[in-house]
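>>> Sequence first, then the predicted structure, then my questions.
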Amino acid sequence: MERRLALVLFSAAFFAAPARAGVTNPNISVIGQPFMRWHDDASDPSHERATLDPGEVEGVFDAYLNPYASGTFVLTFGEDGAALEEGYFQLLRGLPAGLALKGGKYRMDFGKLNPQHPHAYPFATRWRVLSSYLPGEESLNETAVELSGRIPAPGDFSLTASADWMNGDTFRVAREPGGSPDDPLAQGGDDDAGSPRPAFLGRLSGFSAIGDRSGLELGLSATTGINNVAADARTSVYGADAKVKLWTADNAYLLVQGEFLRQDLDHAGWDSTAAAYTTSRTHSNGGYIHADYNFKIRYNAGGGYERFRQPVAGGDWDQAFKLWVGLSLMEETTAFRLDWDRYLPGDTAGGSPDAINTITLRAVFSMGPHKAHQF
Amino acid sequence: MFRITIVLILMLALVAPGARAGAIRVAASTTDLASIAKSVGGDRVECFAIAKAGADAHRVEVLPSYMVKVSKADVYLKVGLGLDQWADPIIDGSRNSKLTVVDCSAGIPVLEKPTGGVNASMGDVHPNGNPHYWLDPRNGAVVARTVADALARIDAAHAGEYHARAGELAKQCESAWENGKQIAATIPNRTVLTYHRSWPYFADAFGFEIAGQAEPVPGIPPTAKHLAELVEIARARKIPVLIQEPYFSADAGKFLAREAGLRVVVMPLSCDSADAGSYLAHIDAVIKSLAGAGEGS
């Protein structure tokens, strides 16, 4: 399905105006992010030694397709080969009431961090509360269709709403067989893994400028999908986010950002007595907050904290702290970022020896057109 | 419940923003373009600029509030030549299908257009030429005519007014240029240093010679070695002035002032408001500052 979609989108992008290739060629950017990492996680054989990793290379192709639409592809190249991370078109103009349509595979607009690519983070890895609660390995990234529009509001206050209809495949959770011989998994079944499992996401966000350059953005997001079709088990995640960026001088600003998430997760099971599927629900919540101070255009330093309940029955609270510094030689073209992450899983909260420390030094380099900074 | 929420959100989104009032709303990337549009459009236009006076128009963060403003506009005036690439996501984000986008660099005799290949080792080079053309008032006249054509297309009933005002502004630009040349002629040494490669049009218009930039290549902060070379040049040629934009660090200017004895004139690249007359008042202020007769140093 993804390959077919990619083929269609490539065709749209490259065959729209073949006679004027110089005008219609897409912008091409390539971003590399090799890193060196050291950690003391005793469960990993490579602990307490620095390892070098080429990281993931990201290739971005984007262009206007015509006066109304644009197309974007983001390909990633890593040790596992090439993959289509994102491939979508956007119908930016022409729809009634200023609505916009987006279709394809893309990082879903849930909260502030999920839509961002990792190379744009000031720290090395995203907050664990997101990876624990949101479906998807690296992000909630789905094949979907999105309709978005701006809601009229007083003054220059920006209020935007979006609704996405997703394929829902990332919501699937593989159930462990219960051991009973009549469990459908034991009989070669797959809990209707191939059945349709549409999922939905909605977001409402508001932005208010503070003075000429500073601003505050608040958002609400919600997503729901089916993690086991046969058991009709659902995963729902609700989020509230806030981001404030305050310019303190011509070339210095403080950014504070946080998200609070709540996850309702149905755990699918099999009741051999009743010969029927069962579900049990866990409610978990948590969040993160971080602050990043940028000064003299090229330097930044910051820190953050997260705390969340593990999404299992009787789950403990996990915590983590991060501290980081960064240097950009010339904006994003060449940047070096040093990050310390201290993870306190579950019952080790309070600083027991089982806390895991990770230090990462990243080099992020980008070649190609430099895009404008978005709030 | 979730589906009901989605439907409600969509219903709210379907309520269209109101239609524009009588005046043509003109959004511009810079105050200079907005001021020129106000001079050309008179009371028939409402103008505002995205980049604030004194801000670096190369780097403007795309705020959602800008998109809201542009969603209510009829015309968007871009500087073009790669300076205001940030305008594209603002225009896209405005979702304004009725917006007329005008590239104001059309018809400008572009300076410093690279003749060979361009790559990032040359710094932040604009491959289509230097984009700071509004600092020559003769180019202000070209922009005025471009804006008049755009307004005439939108409001054909008053096309004559727009073209007449553009002609009047062109005369004022010519006068400002002549006046500026006379003032510049009183300056004994018209060789200057600039911080960034922003002033070639200004220098070309008023007979200044730019002997070097504090930035070793465009967009790269000054290095000690490069500043030492500039000190030698400034001493040898008795260069009296470094022109610097307010958003750059003052360190290099202080060093050059101390070592080479020159004067640092801090001037914004754009005028201070979108009002009619602000554009030429800024040109006048720059030339007077350089002549030592005005403020700004």
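Thanks, I have it.

>>> Check the average confidence over stretch B:30-39, would you?
Averaged across stretch B:30-39, pLDDT comes to 98.

>>> Can that stretch be said to contact chain A?
No: applying Cβ under 8 Å from any Cβ of the partner chain, one finds stretch B:30-39 separated from chain A by no less than 12.3 Å. C-betas here are computed from N, CA, C, even on glycine.

>>> What lies in contact with that stretch?
By Cβ atoms under 8 Å, 6 or more residues apart in numbering or on different chains, the residues outside stretch B:30-39 that reach it are B:26-28, B:45, B:47-53, B:57, B:75, B:77, B:79, B:84, B:104, B:134, B:140, B:143-144, B:147, B:151, B:165, B:168-169, B:270-279, B:282.

>>> Go ahead and confirm B:R95 touches B:S71.
Yes: using Cβ atoms under 8 Å, B:R95 is in contact with B:S71, at 6.3 Å.

>>> which residues do those two both contact?
A:G98, A:R150.

>>> Okay, now the sheet partners of the helix or strand in which A:S162 is found, with direction.
Here A:S162, judged by DSSP states H and E, is contained in strand A:158-166. Using DSSP bridges, strand A:158-166 pairs in its sheet with strand A:141-151 (antiparallel), strand A:199-210 (antiparallel).

>>> Give me the distance from stretch B:276-285 to the chain's centre.
Put simply, stretch B:276-285 sits 12 Å off its chain's centre (Cα atoms, centre = their mean, to the nearest Å).

>>> still on that earlier bit, can you put the strands paired with strand A:158-166 in CSV and add mean neighbour count?
Formatted as CSV, these follow (neighbours: other Cβ atoms under 10 Å in any protein chain shown):
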stretch, mean neighbour count
strand A:141-151, 21
strand A:199-210, 20
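
>>> would you turn those strands into a markdown table with distance to B:I108?
A markdown table is the format used below for these (distance: least, Cβ to Cβ, whole Å):
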| stretch | distance to B:I108 |
| --- | --- |
| strand A:141-151 | 34 |
| strand A:199-210 | 32 |
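
>>> For B:K225, which of those is the nearest?
Ranking the strands paired with strand A:158-166 by proximity to B:K225 (Cβ to Cβ) places strand A:199-210 first, at 40.9 Å.

>>> if you average pLDDT over the closest one, what comes out?
Mean predicted confidence for strand A:199-210 is 97.

>>> In helices, which of the contacts of stretch B:30-39 fall?
B:G140, B:V143, B:A144, B:V147, B:L151, B:R165, B:E168, B:L169, B:S278, B:Y279, B:H282 (DSSP state H).

>>> Between these, identify the one with the most neighbours.
When neighbours are counted by other Cβ atoms under 10 Å in any protein chain shown, B:Y279 leads those with 32 neighbours.

>>> Tell me the bridge partners for A:F321.
A:Y305, A:R342.

>>> Any buried residues in the helix or strand hosting A:L246, and which?
Using DSSP H and E, A:L246 falls within strand A:233-249. By neighbour count on 16 or more other Cβ atoms under 10 Å in any protein chain shown, the buried set for strand A:233-249 is A:233-241, A:243-247.

>>> Now pLDDT and distance to chain B too, for those residues, in CSV please.
Conversion of the buried residues of strand A:233-249 to CSV gives the following (pLDDT from 0 to 100; distance: Cβ to the nearest Cβ, whole Å):
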residue, pLDDT, distance to chain B
A:A233, 97, 16
A:R234, 97, 10
A:T235, 98, 12
A:S236, 98, 8
A:V237, 98, 11
A:Y238, 98, 9
A:G239, 98, 13
A:A240, 98, 14
A:D241, 98, 14
A:K243, 98, 11
A:V244, 98, 13
A:K245, 97, 8
A:L246, 97, 13
A:W247, 94, 9
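
>>> What is the nearest of those to B:T223?
For these, the nearest to B:T223 is A:W247 (27.0 Å; Cβ to Cβ).

>>> wait, B:V79 sits on B:A57?
Yes: at 7.0 Å, B:V79 counts as touching B:A57 under the criterion of Cβ under 8 Å.

>>> who touches both of those two?
In contact with both B:V79 and B:A57: B:S29, B:T30, using Cβ under 8 Å, 6+ apart.

>>> Just list the residues touching residue 59, thanks.
I went with chain A, as the question did not name one. A:I28, A:S29, A:V30, A:I31, A:F73, A:V74, A:L75, A:T76, A:F77.

>>> sorry, should have said chain B
A:H373, B:W86.

>>> mind checking how far whichever residue of the stretch 1-150 of chain A sits closest to chain B is from A:L201?
Here the stretch 1-150 of chain A gets closest to chain B at one residue, A:G149, 2.9 Å apart by Cβ to the nearest Cβ. Per Cβ to Cβ, to the nearest Å, A:G149 is found 15 Å from A:L201.

>>> what does A:G326 give?
31 Å.

>>> How about B:V101?
B:V101 is 32 Å from A:L201, by Cβ to Cβ.

>>> sorry, back to before: which member of the ones in helices among the contacts of stretch B:30-39 is positioned nearest A:D156?
Of the ones in helices among the contacts of stretch B:30-39, the one sitting nearest to A:D156 (Cβ to Cβ) turns out to be B:S278, at 21.9 Å.

>>> can I assume that closest one is in contact with B:D272?
Yes: under the criterion of Cβ under 8 Å, B:S278 makes contact with B:D272 at 6.1 Å.

>>> tell me which element the residue most central in space within chain A is part of?
Centroid-nearest residue in chain A: A:N114, 2.5 Å away (criterion: Cα atoms, centre = their mean). For A:N114, there is no helix or strand it lies in under DSSP H and E.

>>> just B:S175 next, same as before
helix B:159-185.

>>> State the mean pLDDT of that helix.
Per-residue scores along helix B:159-185 average to 97.

>>> try stretch B:44-63
Mean predicted confidence for stretch B:44-63 is 92.

>>> what do you get for stretch A:130-149?
Rounded mean pLDDT across stretch A:130-149 is 96.

>>> Repeat that for stretch A:310-322.
92.

>>> and that stretch, how far out from the chain's middle?
Worked out by Cα atoms, centre = their mean, stretch A:310-322 lies 20 Å from the chain centre.

>>> First-to-last residue distance for it?
End-to-end distance for stretch A:310-322, by Cα to Cα, to the nearest Å: 19 Å.

>>> ok so, going back, quick check: the residue nearest to the centre of chain A touching A:L140?
Yes: shown here, A:N114 and A:L140 form a contact pair, counting by Cβ under 8 Å, at 5.5 Å.

>>> Overlap of the contact sets of these two?
With Cβ under 8 Å, 6+ apart, A:N114 and A:L140 have common neighbours A:R107, A:M108, A:L134.

>>> where in the stretch 101-250 of chain B is pLDDT low?
Scanning the stretch 101-250 of chain B for pLDDT under 70 picks out nothing.

>>> residues from it in reach of chain A?
B:A120, B:D124, B:G219, B:I220, B:P246, B:Y247, B:S249.

>>> make it 10 Å
Contact residues (Cβ under 10 Å from any Cβ of the partner chain) of the stretch 101-250 of chain B with chain A: B:V101, B:N119, B:A120, B:G123, B:D124, B:G219, B:I220, B:P221, B:P246, B:Y247, B:F248, B:S249.

>>> Now render those as TSV, adding neighbour count and secondary structure.
Putting those into TSV (neighbours: other Cβ atoms under 10 Å in any protein chain shown; DSSP: H, G, I helix; E, B strand; the rest coil) gives the following:
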residue	neighbour count	secondary structure
B:V101	16	strand
B:N119	10	coil
B:A120	16	helix
B:G123	14	coil
B:D124	18	coil
B:G219	19	coil
B:I220	15	coil
B:P221	18	coil
B:P246	15	coil
B:Y247	19	coil
B:F248	19	coil
B:S249	16	coil
